[in-house]
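Peer 1: Provided below are the primary sequence and the corresponding predicted coordinates.
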Amino acid sequence: MMAKHLVIGEISNGAFRNVSFEAVAAAKMMDESAEVVGVVLGESVASVAEEMVQHGADRVLTVESEKLKEYTPDGYSQVLMEIIEQEKPDAIVMGHTYIGRDIAPKIASKLGSGLVSDAVAIEGGSTFIRPIYSGKAFEKVAIEEGLQFVTIRPNNIPALEKDTGKSGNVEAFNVEVKDLQTIIKEVVRNTSTGVDLSEASIIVSGGRGLKSEENFKMLEDLADVLNGAVGASRGACDAEYCDYAMQIGQTGKVVTPDLYIAVGLSGAIQHVAGMSNSKIIVAINKDPEAEIFQIADYGIVGDLFDIVPKLTEEFKKVVVS
Ligand SMILES: Cc1cc2nc3c(=O)[nH]c(=O)nc-3n(C[C@H](O)[C@H](O)[C@H](O)COP(=O)(O)OP(=O)(O)OC[C@H]3O[C@@H](n4cnc5c(N)ncnc54)[C@H](O)[C@@H]3O)c2cc1C
């Protein structure tokens, strides 16, 4: 019998987070012949749900309710449990985002299943590779029987190419959302650029070497040219040069962009824990002994106040936006 893989999509600001499509690709990698069923919860999500089909899902179930406008653990777990009970999937895949990190263990415990969290690659369909010890090592976890429940780290498993010719196969799943124990009254979004840090393919990250909040603008200019996002070390956040929402590291966000440009930050172990799996790391630091150079693919030793504006100007000449 054909296996069924449920992929829980995520909407942010009215559009899918890219990890939703990466999760569809992961579900296919786990079993190419499986039926992949997308799930989207939210207030008015039916209009965008088709995009999951265009990225490889066979069909998509939507649940629309004012109560699901913002993520709440009780609202989501109640609805997802009903869908899981009805659909009886062989696997569940979702992003290792703040929602995935919160809801996946709750649902796994309700189902009495295991959970592989934060997978960055899949081998042979049922062996998952995940970082351990703050990214210093990787472990392989094989699921031998029962439900395969996995969260995947954004930006690691490539999404399938979008086929805009595909359409249909979006169904409303009827479920009454019970009264919530948590009511979200307001969401204050505090990000420096339009690009989501955890999904950005290019990140320009600054440290205490920037010396002031005004100087951080320099990084925004560089990030804008590259269509990237701006991140920071905790040193920069503690010094109030930028908001803690931008902190990368052990106690901040974990990122895996294609390009990470570390500017005026020393490369403390707690910072490296959040960015060492970036595909290419470029470090700019005036101290040739700075630890960041030990993990950098390319290093520029010099004064960031000279180098960053020059880089921005040079990239402006070659980057076609
Ligand atoms: C429990 C715990 C959790 C932590 N979690 C995190 C975390 O999640 N993320 C994190 O980042 N940190 C974290 N830290 C803090 C971490 O240990 C470091 O203190 C912090 O990362 C240092 O920030 P920094 O590199 O910006 O500052 P510094 O270490 O002060 O480095 C500044 C760098 O800028 C360079 N510089 C100065 N001026 C210039 C210039 N003009 N041009 C070029 N280079 C220049 C200097 O050479 C230096 O290397 C944590 C610490 C603890 C104890």
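Peer 2: Ah, there it is.
Peer 1: So which bits of the stretch 151-300 of the chain are right by the ligand?
Peer 2: Counting by CB under 6 Å from any ligand atom, the stretch 151-300 of the chain comes close to the ligand at 207-209, 233-236, 247, 249-252, 264-266, 268, 270-271, 274, 284-287, 290. For every residue, glycine as well, the C-beta is placed using N, CA and C.
Peer 1: Quick one: buried ones out of the residues you listed?
Peer 2: Using 16 or more other CB atoms under 10 Å as the burial test, these include 207-209, 233-236, 247, 249-250, 252, 264-266, 268, 271, 274, 284-285, 290 as buried.
Peer 1: Sitting in strands, which of those do you find?
Peer 2: Applying DSSP state E to those, the entries found in strands are 284, 285.
Peer 1: show me where pLDDT drops low in the protein?
Peer 2: Scanning the chain for pLDDT under 70 picks out 190-194, 320-321.
Peer 1: All the helices of it, in order from the start?
Peer 2: For the chain, the helices defined by DSSP state H occupy 18-30, 46-54, 73-87, 98-111, 217-226, 234-238, 269-272, 292-295, 304-318.
Peer 1: The fourth one - contacts with which helices or strands?
Peer 2: In other words, helix 98-111. helix 73-87, strand 91-95, strand 116-119, strand 148-152 (3 or more CB pairs under 8 Å, 6 or more residues apart in numbering; DSSP states H and E).
Peer 1: Tell me which residues of the first one come out buried.
Peer 2: If I follow you right, that is helix 73-87. For helix 73-87, burial by neighbour count (16+ other CB under 10 Å) applies to 75, 76, 78, 79, 80, 82, 83, 84.
Peer 1: That one vs strand 91-95, what angle?
Peer 2: If you take axes from the mean of the first three to the mean of the last three CA atoms, to 10 degrees, helix 73-87 sits at 150 degrees to strand 91-95.
Peer 1: which residues touch helix 73-87?
Peer 2: With CB atoms under 8 Å, 6 or more residues apart in numbering as the test, helix 73-87 has contacts from 4, 6, 8, 37, 39, 41, 61, 63, 65, 67-68, 92, 99, 102-103, 106-107, 110-111, 173, 175, 177-178, 180-182.
Peer 1: re the thing from before, just curious, which of the buried residues of helix 73-87 is nearest to the ligand?
Peer 2: residue 76 (27.2 Å; CB to the nearest ligand atom).
Peer 1: where's the residue nearest the centre of the chain relative to the ligand, distance?
Peer 2: When CA atoms, centre = their mean is applied to the chain, the residue found nearest the centroid is residue 154 (3.5 Å). Between residue 154 and the ligand the computed distance is 18 Å (CB to the nearest ligand atom, to the nearest Å).
Peer 1: For that residue, which non-adjacent residue is spatially closest?
Peer 2: In this structure, residue 154 finds its nearest non-sequential neighbour in residue 19, 4.2 Å apart by CB to CB, 6 or more residues apart in numbering.
Peer 1: what residues are up against that neighbour?
Peer 2: Counting by CB under 8 Å, 6+ apart, residue 19 makes contact with 10, 95, 96, 97, 152, 154, 155, 199.
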